[in-house]
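Undergrad: dropping a prediction and its sequence here:
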Amino acid sequence: MAERGGSREREMRNRIAQEAARVMVEDGVKDFYLAKRKALQHLNVTASQALPRNTEIEQAIVDYQRLFKSQSQPQRLRQLRLAAIEALQFFTRFQARLVGSVLTGTATEHSDINLHLFSDTPEEIGLFLMASNIPYDTAERRYRSASGEIRKYPAYRFVAGDVPVELVIFPLHGRREAPLSEVDGKTLRRANVGAVRMLVDGGDTPSFQIK
């Protein structure tokens, strides 16, 4: 009985992961927890113990895109990475690094370009955007540090062409210690413009991290 129950739970976890992945790809939901809650509603499931991990949902996203977006997703990903290269070059004075789904390769048509910039005076970024005639909104992002502490960082958001861009501002010493990924809890990967060019040329996600 225990084995049968475990099999049912695994099957339910897979169903929830697949539905959460569909919600993130098709509806543009970016928050994993929200995607899980929506999946539970769509499947009319209340068993929270069957919730999949974020890594399971990310793999389900890869599988979903391979099955239903095999032509459009690679094209969109390449467009986003080319746009990311331009953004990295534009913000080079702030030691810009690419993070998130555009780097890992799971980006959808709804994905933002997520950059980490470094400055001890975040207002400097706002002044730079104003001087460049780029309208922006301010926001705040939370990241978990390696010590487990939740830290808040200022962010700027704007649209370049049809691509939303988010800039999260870290202090200069923040280059030495990246926060943890919400997907797998490991150190978040950051890539400079050279690494992103390698992705565009080679098509594979680098296994290394460039801080």
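TA: Received, thanks. Numbering: from 1, shown residues only.

Undergrad: for residue 130, grab the count of nearby residues.
TA: 11 (other C-beta atoms under 10 Å). No exception for glycine: its C-beta is placed from N, CA and C like everyone else's.

Undergrad: and residue 69, how far is that from residue 84?
TA: 19 Å (C-beta to C-beta, to the nearest Å).

Undergrad: compare the two (neighbour count), which wins?
TA: The residue with more neighbours, out of residue 69 and residue 84 and counting by other C-beta under 10 Å, is residue 84; that gives 26 against 18.

Undergrad: show me what the helix or strand containing the more buried one is packed up against.
TA: Per DSSP states H and E: residue 84 is located in helix 72-90. Helix 72-90 is packed against strand 97-99, helix 101-104, strand 113-118, strand 150-160, strand 163-170, helix 193-202, with contacts defined by 3 or more C-beta pairs under 8 Å, 6 or more residues apart in numbering; DSSP states H and E.

Undergrad: JSON lines for these, including mean pLDDT and distance to residue 22?
TA: Listed next are these as JSON lines, based on pLDDT from 0 to 100; distance: least, C-beta to C-beta, whole Å:
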{"stretch": "strand 97-99", "mean pLDDT": "98", "distance to residue 22": "24"}
{"stretch": "helix 101-104", "mean pLDDT": "96", "distance to residue 22": "16"}
{"stretch": "strand 113-118", "mean pLDDT": "98", "distance to residue 22": "22"}
{"stretch": "strand 150-160", "mean pLDDT": "97", "distance to residue 22": "26"}
{"stretch": "strand 163-170", "mean pLDDT": "97", "distance to residue 22": "21"}
{"stretch": "helix 193-202", "mean pLDDT": "94", "distance to residue 22": "26"}
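
Undergrad: any chance of those in CSV, with mean neighbour count and distance to residue 138 too?
TA: Compiled in CSV, the helices and strands packed on helix 72-90 are given as follows (neighbours: other C-beta atoms under 10 Å; distance: least, C-beta to C-beta, whole Å):
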stretch, mean neighbour count, distance to residue 138
strand 97-99, 24, 19
helix 101-104, 22, 22
strand 113-118, 24, 14
strand 150-160, 15, 6
strand 163-170, 21, 10
helix 193-202, 15, 25
